[in-house]
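S.K.: Sequence and predicted structure below; questions after.
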Amino acid sequence: MSAMTIARGINNGLRAAMERDPKVVLMGEDIGKLGGVFRVTEGLQKDFGEDRVIDTPLAESGIVGTAVGMALRGYRPVVEIQFDGFIYPAFDQIISQVAKMRARSLGKVTLPIVIRIPVGGGIGAVEHHSESNEAYFAHTAGLRVVCCSNAEDAYWMVQQAVESDDPVLFYEPKRRYWDKGEVDSDSAPRGLFEAAVRREGTDVTLLAYGPMVKTCLQAAQAAEEEGRSLEVIDLRSLSPLDIDTLSASVEKTGRVVVVHEAPTFLGMGAEIAAELQQRCFYHLEAPVLRVGGYDLPYPPSRLEEEFLPDLDRVLDAVDRSLAY
């Protein structure tokens, strides 16, 4: 077991996948010589060569389109979208080709593509560099959408994504890249599409993923000082949802707050709220509440701390839930 950052966990996970399978190829803007703008792929081109860690032109549609062709020929491409808001030029490729190929071919053709996406705000950047667009893709049948929140998950989940025969959008919380955690590379990993209980509690369930997991854990710690017991669950997978794990927690606590950076309107929280009220209606003591970004374009960096959900907003929702 060793301590490493989330960025290093992804790097080591990609390295392990490439060592196991020579058909794993990385592609993206500046991922080779530079090691990516966040240095997540640092050292991989040096060790595996320019044929397996490929610096591409600034053309996201071309990057994903090339990955489709390579996957059809038996490769397992892992492509990096440099920032979350840069994915839109590739939207047509992802929705029209990547998501549909397996169904279109009646299961005869698979596209084992991983699309890595640094997600969310908190780094003082402008629009297109700080977006949370996961709901677009979780809505799309044929895609798997996952999001890591800690170093150990980063290490294991990226390897599991590479091994998947379905295309996986792999979201990485960019403001947490440098958070450290223990990684046990010898343990058996949790299933890629399983949620994880990060903190046990009895009063209210907090559901989060990616960058908001740490925020919810901090909220739970603060609430404990006031005698409140909050359970924190890391979704990890957005499509499919591990609704069984979520339901078990909500049936225990009777109250739930869903937290994500993306705007609440038609976000992941809306789907989770609908699923839980169907599953847990007679266990709920209060409405399912959501805490998210505001329904606005991402603001200038000087305002982002006002825009992003924080500990105070989470605790306010907890208070409102307990007031019912």
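M.R.: Alright, I've got the coordinates. Residues are numbered from 1 along each chain as shown.

S.K.: mind listing what the helix or strand where Thr205 lies pairs with, with the direction of each?
M.R.: Thr205 is part of strand 204-208, with elements assigned from DSSP states H and E. Using DSSP bridges, strand 204-208 pairs in its sheet with strand 230-234 (parallel), strand 256-263 (parallel).

S.K.: Of all those, which one is nearest Ile6?
M.R.: Proximity to Ile6 (CB to CB) singles out strand 230-234 among the strands paired with strand 204-208, at 13.2 Å. All C-beta spots, glycine's among them, are computed from the backbone N, C-alpha and C.

S.K.: Would you mind measuring from Ile95 to Arg313?
M.R.: Going from Ile95 to Arg313 by CB to CB, to the nearest Å gives 32 Å.

S.K.: Also Asp165?
M.R.: Using CB to CB, Asp165 is found at 40 Å from Arg313.

S.K.: quick one, which of those two is more surrounded?
M.R.: Arg313 (16 against 12; other CB atoms under 10 Å).

S.K.: Taking their axis directions, the helix or strand encompassing that one and strand 204-208 sit at what angle?
M.R.: In the assignment (DSSP H and E), Arg313 maps to helix 311-323. Here the directions of helix 311-323 and strand 204-208 differ by 140 degrees (axes from the mean of the first three to the mean of the last three CA atoms, to 10 degrees).

S.K.: Name the residues that touch helix 311-323?
M.R.: Contact with helix 311-323 is made by 203-204, 206, 215-216, 218-219, 222-223, 228, 230, 255-257, 259, 286-287, 289-291, as judged by CB atoms under 8 Å, 6 or more residues apart in numbering.

S.K.: how far does that helix sit from the chain's center?
M.R.: 24 Å (CA atoms, centre = their mean, to the nearest Å).

S.K.: what mean pLDDT does the strand holding Thr205 have?
M.R.: Averaged across strand 204-208, the pLDDT comes to 98.

S.K.: So which elements touch whichever helix or strand comes after it?
M.R.: Next helix or strand after strand 204-208 toward the C-terminus (DSSP H and E): helix 212-224. The elements that helix 212-224 packs onto, with contact taken as 3 or more CB pairs under 8 Å, 6 or more residues apart in numbering; DSSP states H and E, are strand 196-199, strand 204-208, strand 230-234, strand 256-263, helix 311-323.

S.K.: Next, work out how far apart the most centrally placed residue in the chain and Val213 are.
M.R.: The chain has Cys147 as the residue nearest its centroid, 1.7 Å off, counting by CA atoms, centre = their mean. Distance, Cys147 to Val213, by CB to CB: 9 Å.

S.K.: number of nearby residues for Ala188?
M.R.: 7.

S.K.: can I assume it sits in a helix?
M.R.: No - membership of Ala188 in a helix is not supported by DSSP: H, G, I helix; E, B strand; the rest coil, which gives coil.

S.K.: how close does it get to Val64?
M.R.: Noted for Ala188: a distance of 32 Å to Val64, by CB to CB.
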